[in-house]
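[1] okay, predicted coordinates and the sequence, questions at the end:
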Amino acid sequence: MTLPRQRGLTEQAADAAIDTSCRMLRLPSIRKEFTDIVDRALKEQMTYRGFLAELLMAECDDRARRRSERRIKAANFPREKSLRAFDFDANPNIDAATVHTLASCDWIKDGKPLCLIGDSGTGKSHMLIALGTEAAMKGYRVRYTLATKLVNELVEAADEKQLNKTIARYGRVDLLCIDELGYMELDRHGAELLFQVLTEREEKNSVAIASNESFGGWTKTFTDPRLCAAIVDRLTFNGTIIETGTDSYRLASTRKRAEEPAALVDRRRAQ
């Protein structure tokens, strides 16, 4: 299909031609924002080159945004979490400078691991999801999963003779985020399958884990001492370890909210 060309188009005919052309060329952002950009160009007296640049940048920016949204959705995060929403003042164990350095994602480019270790409520999962989201926004392929869910998937894949395919799928993502590692004991078969995933990714693609157990307590999850040591080795070699501590700021926040009404009542009585 070709559009008829003619000089001296009316404004209405020009708008119709632009709309049709954008549909054919699959330029939805230009089609959507064209009128606003035209108005701004007239007001700011843009040159033709400037006007064209504004149109193209609008399309590029929107495409980048949509790609980020698709990558974030594909990561399968259970909820939205961002570094901007993380309260570093509430947990002094976590160094903000270290986290913001991690947000640059150079460690993912180098295929290095990250371990977040601490008790429940200290911000491990928030940090894991937030850093995973940063990676997805920067163009990396990310996948989030719970440790038990990953192991169950691997066991089912092994039973169905699909193990190599499943391990390869997890091996392809740039960052694999494994949450709640250490919450439940894994049998030897499940632990060995998880070890295969980690081995597939070793020094090639990054793994980030969150665990409520210190490395010394991982023998409760991985009951074979040699296998446990090998897994710890793969998750820590050349990596970053952040210890989020033992004091639950989530619990502290809940207590603070509960105390606020009582404090308000006391102030009113005092008046």
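    Yep, it's here.

[2] mind listing what's buried in the longest helix along the chain?
    Under DSSP state H, the helix in the chain containing the largest number of residues is helix 48-75. By neighbour count on 16 or more other C-beta atoms under 10 Å, the buried set for helix 48-75 is 51, 54-55, 58-59, 62, 71-72, 75. In short, each C-beta sits where N, CA and C put it, glycine included.

[3] and Asn76, how close does it get to Leu52?
    Asn76 sits 39 Å away from Leu52 when distances are taken as C-beta to C-beta, to the nearest Å.

[4] oh, I was asking about Phe86
    Phe86 is 41 Å from Leu52, by C-beta to C-beta.

[5] what mean pLDDT does stretch 89-103 get?
    In this model, stretch 89-103 has an average pLDDT of 92.

[6] now swap in stretch 29-38 and tell me
    88.

[7] from the contact counts, what lies against the longest helix of the chain?
    Helix 48-75 is packed against helix 28-44, helix 124-137, strand 142-146, with contacts defined by 3 or more C-beta pairs under 8 Å, 6 or more residues apart in numbering; DSSP states H and E.

[8] go again with 10 Å.
    Other helices and strands packing on helix 48-75, by 3 or more C-beta pairs under 10 Å, 6 or more residues apart in numbering; DSSP states H and E, are helix 11-25, helix 28-44, helix 124-137, strand 142-146, strand 175-181.

[9] circling back: may I see the buried residues of helix 48-75 arranged in a markdown table, with pLDDT and distance to Ala229 as well?
    As requested, the buried residues of helix 48-75 are exported to a markdown table (pLDDT from 0 to 100; distance: C-beta to C-beta, whole Å):
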| residue | pLDDT | distance to Ala229 |
| --- | --- | --- |
| Phe51 | 88 | 63 |
| Glu54 | 89 | 58 |
| Leu55 | 90 | 58 |
| Ala58 | 90 | 54 |
| Glu59 | 89 | 52 |
| Asp62 | 90 | 49 |
| Arg71 | 95 | 34 |
| Ile72 | 96 | 35 |
| Ala75 | 96 | 30 |
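
[10] what's the farthest-apart pair in these?
    Greatest spatial distance among those (C-beta to C-beta): Phe51 and Ala75, at 37.2 Å.

[11] pLDDT weak spots in the chain?
    The chain contains residues with pLDDT under 70 at 1-8, 248-271.

[12] report the angle between the longest helix of the chain and helix 28-44.
    140 degrees (axes from the mean of the first three to the mean of the last three C-alpha atoms, to 10 degrees).

[13] next SSE downstream of helix 48-75?
    helix 96-102 (DSSP states H and E).

[14] helices along the stretch 151-271 of the chain, start to end?
    163-172, 188-201, 225-236, 249-270 (DSSP state H, counting those that start in this stretch).

[15] which other helices and strands contact the shortest one?
    I take that to be helix 163-172. Counting contacts by 3+ C-beta pairs under 10 Å, 6+ apart, helix 163-172 is packed against strand 142-146, helix 147-159, helix 188-201.

[16] quick one: the shortest one to helix 147-159, angle?
    In this case it means strand 142-146. Using the same axes, to 10 degrees: strand 142-146 against helix 147-159 is 100 degrees.

[17] quick one: contacts for the spatially most central residue of the chain?
    By C-alpha atoms, centre = their mean, the chain has its centre lying nearest to Thr133, at 2.1 Å. Shown in contact with Thr133 (C-beta atoms under 10 Å, 6 or more residues apart in numbering): 68, 71-72, 75, 77, 80-83, 103, 142, 144, 177.

[18] so what's Ile241 up against?
    By C-beta under 10 Å, 6+ apart, the contact set of Ile241 is 113-117, 215, 235.

[19] and with 8 Å instead?
    114-115, 117 (C-beta atoms under 8 Å, 6 or more residues apart in numbering).

[20] returning to what we had before: tell me which of the contacts of Thr133 is nearest to Gly171?
    Val142 (13.7 Å).

[21] please look at the closest one and Ala75 and confirm they touch.
    Yes - between Val142 and Ala75 there is a contact at 4.1 Å, judged by C-beta atoms under 8 Å.
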